[in-house]
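Colleague: need a structure here:
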Amino acid sequence: MGLRSRLLLKYKQDIIDDLAEVKEKPAAEVEHLFESTPEPEPESIVEESGIDLVDEYLSDHEKNFRLIVLEKLLAAIDLSKIGKLEEDEARKQIQELAQSIINEQDIPLGMDSRKKIIQLVEDEILGLGPLEMIMRDPSCSEIMVNGPKKIFIEKGGKLTLSSVQFDDDEHEMRIIDRIVSRVGRRVDESSPMADARLADGSRVNIIIPPLALDGPVITIRRFPSDPLKLKDMVGFKALSPGMAEFLSSIVKVGKNILISGGTGSGKTTALNALSAFIPAEERIVTIEDAAELQLQQSHVVRLETRPTNIEGNGEISQRDLVRNGLRMRPDRIVIGEVRGAEAMDMLQAMNTGHDGSLTTTHANTPRDALSRIENMVAMGGFELPMKAVRNQIASAIHYVVQVQRLEDGSRRMTNISEIIGMEGEIITMSELFAFERRGLDQNNKIVGAFKPSGALPACMSELERRGINLDVDYFDPENETLV
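Modeller: Okay, here's the model as predicted:
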């Protein structure tokens, strides 16, 4: 029996156990379950925060009917056979059976409610339960489940409280078991935290009681199936055309770039967009904690870390992968995010012929980003003089790109800085472009301008030698781009 079949059978038993109180009864005996109830008032926390509820998920009438249809369907279906079918065929069979069960019930139900219940039953058996309804919305970039009754979603950089809910903690835990089982992991009281990845590449973090006090917490970071290109980011006013032209040029000629920003600021999106300009003939090795990058080149080797197993053994860290990646004859190394002792190995790789390497780190300014790299090297146990570490950083990293998520939800590339070298024990930097805020418009959206500093990058002559004639007007401070 395959993994999918075993998971479905286990899931069936879990649902049956939880629905034991819902017995098969004549319609007359259960009609009281479907009496309509007034829509609950939004919670005060929602009103105070300005977050709006989305369309109603299910009425009480539909919720109770869904439980009965689900129980009857699970009693009638052979999930070991369903698990062997292709996804479309499995869904088709579940739809037909659910429809026949609904038709047998002598309870009035509108066509829209029927379709909704059939879809939810499908999702419950084959998908992620109530979360599937949110996952079908491509504009939703993050899903944050704060216990079974509070699910927040992010759209366009703004948080919204969804009316979608789990039935209870047990219902949410069944979905969590499904998520982690598919990647060979488990979550329980002895191991209450886990990272996983969904089939569509979305990144999932899970933490459950006793560490999470208000119920199981699920955080899903979603990524578009068609990653944004640099020209798309220009269209969204995340950077100016001159900045985009400059960045694409320095990637082509093999400059090492560090992308810095806070959580959710768009570091991975920027890294994906810049990596598109790596020449197709080069061998790229990507190293990530959780695979998120979507490189379009054909010669890409993707590596992902591995956590410890149940016995606490078998961990493969990013540092292990960086060391191994250097033995794989890469032309470029792309590290999803540098966050620990691998910082030193990354600097050494950048200084030993792996030009054009890209990585990201969490920091609020370009200067903070360099300090963070310095601290990571120190925390790795390398007993080197501070000046030696800074010399390594100054010679390894050529440019720091700062991205930021602003309070109106927009994401902007707020700074591009070039590392010039060392003056004494200080790393010197030259700001090439910066985003200058100038207020709010009538819709409370931040307005401003991408403004060149007037300094020319040191690589201009190298770009010319490589056949890239970058217009010097891009660096003229008079040529600002208003957004």
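Colleague: can you tell me which residues contact G127?
Modeller: G127 makes contacts with M135, as judged by Cβ atoms under 8 Å, 6 or more residues apart in numbering. All C-beta spots, glycine's among them, are computed from the backbone N, C-alpha and C.
Colleague: scratch that, I134 is what I was asking about
Modeller: I134 neighbours (Cβ under 8 Å, 6+ apart): C140, I143, I151, I153, S162, V164.
Colleague: right, and the fourth one touches S139 too?
Modeller: No. I153 is not in contact with S139 according to Cβ atoms under 8 Å; the separation is 9.3 Å.
Colleague: Poorly predicted segments of the stretch 101-250 of the chain, please.
Modeller: 106-108 (pLDDT under 70).
Colleague: State the distance from T308 to N391.
Modeller: Computed as Cβ to Cβ, to the nearest Å, the T308 to N391 distance reads 35 Å.
Colleague: Also L271?
Modeller: 26 Å.
Colleague: what about E96, neighbour count?
Modeller: 11 (other Cβ atoms under 10 Å).
Colleague: Where do the helices of the stretch 51-200 of the chain begin and end?
Modeller: Per DSSP state H, counting those that start in this stretch, the stretch 51-200 of the chain carries helices over the ranges 60-76, 79-82, 87-104, 111-126, 131-135, 169-181.
Colleague: The fourth one: how far from the chain's middle?
Modeller: How far helix 111-126 lies from its chain's middle: 27 Å, per Cα atoms, centre = their mean, to the nearest Å.
Colleague: what does the third one give?
Modeller: In terms of Cα atoms, centre = their mean, the centre of helix 87-104 is found 33 Å from the chain centre.
Colleague: can you confirm R372 is in a helix?
Modeller: Yes. Counting by DSSP: H, G, I helix; E, B strand; the rest coil, R372 is part of a helix.
Colleague: where do the strands sit along the stretch 151-300 of the chain?
Modeller: Secondary structure of the stretch 151-300 of the chain (DSSP state E, counting those that start in this stretch): strands at 151-155, 158-162, 193-197, 203-207, 217-221, 257-261, 284-288, 300-304.
Colleague: which residue is nearest the centroid of this protein?
Modeller: R221 (2.9 Å; Cα atoms, centre = their mean).
Colleague: follow-up on the earlier one: neighbour-wise, which of I153 and S139 wins?
Modeller: Shown here are I153 and S139; by other Cβ under 10 Å, I153 has more neighbours (22 against 10).
Colleague: Compute the distance between D123 and R185, please.
Modeller: D123 sits 22 Å away from R185, going by Cβ to Cβ.
Colleague: Now do the same contact list for the closest residue to D168 other than its chain neighbours.
Modeller: Excluding its sequence neighbours, the residue lying closest to D168 (Cβ to Cβ, 6 or more residues apart in numbering) is P148, at 5.5 Å. Neighbouring residues of P148 by Cβ under 8 Å, 6+ apart: Q165, F166, D167, D168, D169, H171, E172, G215, P216.
Colleague: Give the residue spans of the stretch 251-400 of the chain that score low on pLDDT.
Modeller: In the stretch 251-400 of the chain, residues with pLDDT under 70: 310.
Colleague: Show me how far stretch 191-202 is from its chain's centre.
Modeller: 11 Å.
Colleague: Residues contacting that stretch, please?
Modeller: 128, 135, 179-180, 182-183, 185-187, 203-212, 220-223, 225, 289-292, 294, 307, 310.
Colleague: Show the contacting residues for the residue nearest to the centre of the chain.
Modeller: When contacts are taken as Cβ under 8 Å, 6+ apart, R221 is in contact with S141, E142, S202, R203, V204, E292.
Colleague: Just flag the most distant two among the residues you listed.
Modeller: Distance extremes for these: the farthest pair is S141 and V204 at 14.0 Å, using Cβ to Cβ.
Colleague: Comparing these two, which residue is more hemmed in?
Modeller: Between S141 and V204, counting by other Cβ under 10 Å, V204 is the more crowded of the two (21 against 18).
Colleague: need the longest strand for this structure.
Modeller: The single longest strand within the chain, with elements called by DSSP state E, is strand 426-440.
Colleague: For that strand, list every residue counted as buried.
Modeller: I427, M429, E431, L432, F433, A434, F435 (16 or more other Cβ atoms under 10 Å).
Colleague: what does stretch 133-145 give?
Modeller: M133, I134, M135, C140, S141, E142, I143, M144, V145.
Colleague: Distance from the chain centre to that stretch, please.
Modeller: Per Cα atoms, centre = their mean, the centroid offset for stretch 133-145 relative to its chain is 11 Å.
Colleague: Can I get it as CSV, trimmed to CA atoms?
Modeller: Extracted in CSV, the C-alpha atoms of stretch 133-145 (Å, rounded to 0.1, in the frame of the first residue of the first chain):
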residue,chain,number,x,y,z
MET,A,133,-10.4,27.3,0.2
ILE,A,134,-7.7,29.9,1.0
MET,A,135,-5.0,28.2,-1.0
ARG,A,136,-7.1,28.5,-4.1
ASP,A,137,-6.8,32.3,-4.0
PRO,A,138,-3.6,33.2,-5.8
SER,A,139,-3.6,36.7,-4.3
CYS,A,140,-3.1,35.3,-0.8
SER,A,141,0.6,35.4,0.0
GLU,A,142,0.6,34.2,3.7
ILE,A,143,-1.8,32.1,5.8
MET,A,144,-1.4,32.4,9.6
VAL,A,145,-3.5,29.9,11.7
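Colleague: how about the strands in the stretch 301-450 of the chain?
Modeller: 332-335, 358-362, 399-405, 411-423, 426-440, 446-452.
Colleague: export those to a markdown table and tack on distance to N375?
Modeller: Formatted as a markdown table, these follow (distance: least, Cβ to Cβ, whole Å):
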| stretch | distance to N375 |
| --- | --- |
| strand 332-335 | 17 |
| strand 358-362 | 11 |
| strand 399-405 | 16 |
| strand 411-423 | 17 |
| strand 426-440 | 14 |
| strand 446-452 | 30 |
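Colleague: I appreciate the help and will end here.
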